[in-house]
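Peer 1: missing the sequence, but the structure's below:
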């Protein structure tokens, strides 16, 4: 709130009287998705603080690339912003040959919203009760241990390949058409392990239908406090989370960005915003705009070598 007061008392903005009309928040994913749920709470809280409606427009397609391209090419007048995440701005630049936007050059960062780690889970009857035991099992049976994902190029797929590379093991990726079938085949024992979001796997872990070996965040999750991190499990460079942030088209006035950033940071302190992120097992982040750029650049560097090694580029 102090940030908002400071902004309100500052000298006149380049955009005098902004915002003077409703603001569009483009979400590149379907209504009802986890990204959409967060975006609608963000829109409500921003609207309250800015004194104008912030409405969500879902532009779905091409794994989020269509909506992200619409943000990149929108008029930089402060009345269009977009939701970005790990897939659209860290993975897509390496995965998509004809990406219609540059994840750094074409966007002005507003703020990080939150991040959520994944959890490495196995079929509960698999004789592996730790990451070290899973690695040992895979090394004893090269090419016979499988991991699943909701499709080629998805974060669970890339995370499995990242693990495979760091552990020096020969395991086989089995892609499915969606995360649901992927997870169910691990529960059934047809597949040995998978990486997926905590919010998705938590009910199955609590019910004993999956065994959690490690979370991928930098610290343990309060939802699974007894489960170690990958770092604690012997992989010091394995810190991976799915993040979400807000961006505007490049050229959006800096004073508008500052006001949006202040409103986002204030909104993240609200019970509604924290509740929305908690439902997704996410941590509220916020911070200055530059933090988002640093995360995007770091994650591009993380995933590009994996995508290139697997020759995963798509049209």
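Peer 2: That came in fine, so what should we check first? Not measured: the values here are computed from a predicted model.
Peer 1: count of residues packed around residue 21?
Peer 2: 11 (other CB atoms under 10 Å). To be clear about C-beta, it is placed using only N, CA and C from the backbone, and glycine gets the same treatment.
Peer 1: got the contact list for residue 166?
Peer 2: 235, 237, 238 (CB atoms under 8 Å, 6 or more residues apart in numbering).
Peer 1: can you give me the strands in the stretch 201-315 of the chain?
Peer 2: 211-215, 241-249, 283-284 (DSSP state E, counting those that start in this stretch).
Peer 1: for these, which one sits closest to residue 91?
Peer 2: strand 241-249 (10.2 Å; CB to CB).
Peer 1: mind listing what's buried in the closest one?
Peer 2: Residues of strand 241-249 classed as buried: 241, 242, 243, 244, 245, 246, 247, 248, 249 (neighbour count, 16 or more other CB atoms under 10 Å).
Peer 1: my guess is the fifth one meets residue 113, correct?
Peer 2: Put plainly, it is residue 245. Yes - assessed by CB atoms under 8 Å, residue 245 is found in contact with residue 113 at 5.6 Å.
Peer 1: the longest helix seen in the chain to strand 241-249, inter-axis angle?
Peer 2: Longest helix of the chain, by residue count under DSSP state H: helix 289-310. With axes from the mean of the first three to the mean of the last three CA atoms, to 10 degrees applied, the angle from helix 289-310 to strand 241-249 works out at 120 degrees.
Peer 1: tell me which strands the longest strand along the chain pairs with, and in which orientation.
Peer 2: The residue-count maximum for a strand in the chain (DSSP state E) belongs to strand 107-122. With DSSP bridges as the test, strand 107-122 is paired with strand 193-197 (antiparallel), strand 211-215 (antiparallel), strand 241-249 (antiparallel), strand 283-284 (antiparallel).
Peer 1: okay if I get those as CSV plus mean pLDDT and distance to residue 27?
Peer 2: Shown next, in CSV, are those (pLDDT from 0 to 100; distance: least, CB to CB, whole Å):
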stretch, mean pLDDT, distance to residue 27
strand 193-197, 95, 18
strand 211-215, 98, 27
strand 241-249, 94, 10
strand 283-284, 76, 18
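Peer 1: any chance of those strands in CSV, plus distance to residue 204?
Peer 2: Putting the strands paired with strand 107-122 into CSV (distance: least, CB to CB, whole Å) gives the following:
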stretch, distance to residue 204
strand 193-197, 9
strand 211-215, 9
strand 241-249, 18
strand 283-284, 22
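Peer 1: how about the helices in the stretch 1-150 of the chain?
Peer 2: 2-8, 34-50, 65-72, 86, 92-95, 131-140 (DSSP state H, counting those that start in this stretch).
Peer 1: burial count for residue 218?
Peer 2: 14.
Peer 1: return the distance of it relative to residue 54.
Peer 2: 31 Å (CB to CB, to the nearest Å).
Peer 1: quick one on the thing from earlier: which one of the buried residues of strand 241-249 is nearest residue 263?
Peer 2: Distances from residue 263 to those, taken by CB to CB, are shortest for residue 246, at 10.1 Å.
Peer 1: before I go, just wanted to say thanks for your time.
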